[in-house]
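Colleague: following is a predicted model, sequence given first.
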Amino acid sequence: MAIYQLLNDEVSKRKAISLQKQYQKQLEKIQRKTEYLIDDQSIKLIMGLDISYFGEKQKKGIGCGVLWNYLKNKQIDHYIKISEIKFPYIPGLLGFRESPLLAQLIMDSGFEPDLILCDGHGMIHPRKFGEAIQLGFALDIPSIGIAKSPFVGFSKWKSLERKKGNRTEVWENKPNNSNDRDNRTLGYAICLADKRKPVFVSSGYKTDLGLALKIAVNTTRYHRQPEPLYLADQISRSERRRLTS
């Protein structure tokens, strides 16, 4: 059953932050259960999700979900959903802007993927409740955050050699030799393909960082992003051009 409070795009900024804090506390309790994390052997269908915006003040969104066969590493199908975007862009609250459209897209597709890839952050978030966690928690579908831009935390990602597999931690606090043992790794900046900029990978709902990195690497071919996310971006952009030409 979906948690509709996390899919409500008509809340205030203050209420949205309050909901993130509320459900993050719930998530901490759930995470203590041994059966919380999914087994990577159970992953067969992945859906990569992205949105392109258009219209006056970018208030319409074209969501695309690319259904991906993880075992064969190829696309099965894709799904489009167009909707009004009601919640403004506010850093840290992207989940309230995009999750309502993406959730409806998933439900309308007729498939429940084993895992969703979000073009946004998971744990790399000021309240550790980024879009990937919010959408996954709302639908009870495991998720991973793979963002193109840094957000919170500290990382030496700018010095990464652009070679596939090169990575560096995104720390919660600025590294200090005296207290590094207490410093938490929120995610990784990682180059998923040669000569490509890094992306920022973090765990989402029911996933850990090791699985997030494994899935990101295994589903990437030649582009900066994993193929399901890259295709979702390209297809949504193509649909936007068709509608606005």
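Modeller: All right, it came through fine.

Colleague: residue 174 - that's part of a helix, no?
Modeller: No: note on residue 174: no helix contains this position according to DSSP: H, G, I helix; E, B strand; the rest coil, which reports coil.

Colleague: I'd say it and residue 152 touch.
Modeller: No: using CB atoms under 8 Å, residue 174 is not in contact with residue 152, being 11.7 Å away. In short, each C-beta sits where N, CA and C put it, glycine included.

Colleague: ok, those two, which is more surrounded?
Modeller: residue 152 (17 against 8; other CB atoms under 10 Å).

Colleague: got the contact list for the more buried one?
Modeller: Counting by CB atoms under 8 Å, 6 or more residues apart in numbering, residue 152 touches 124-126, 186.

Colleague: hang on, residue 54 packs against residue 243?
Modeller: Yes: between residue 54 and residue 243 there is a contact at 6.6 Å, judged by CB under 8 Å.

Colleague: which residues do the two both contact?
Modeller: In terms of CB under 8 Å, 6+ apart, residue 54 and residue 243 are both contacted by the residues residue 62.

Colleague: so those two - more neighbours on which side?
Modeller: For residue 54 versus residue 243, neighbours defined as other CB under 10 Å are more numerous around residue 54 (18 against 13).

Colleague: for residue 93, see how far away that one is.
Modeller: 21 Å (CB to CB, to the nearest Å).

Colleague: and the strands in the protein?
Modeller: According to DSSP state E, the chain carries its strands in the segments 45-54, 60-69, 74-84, 115-118, 143-147, 167-171, 185-190, 199-203.

Colleague: return the distance of the second one from the chain's centre.
Modeller: Shown here is strand 60-69, whose average C-alpha point lies 13 Å from the average C-alpha point of the whole chain (CA atoms, centre = their mean, to the nearest Å).

Colleague: tell me what that strand is packed against?
Modeller: Here strand 60-69 touches strand 45-54, strand 74-84, helix 94-109, helix 227-244, going by 3 or more CB pairs under 8 Å, 6 or more residues apart in numbering; DSSP states H and E.
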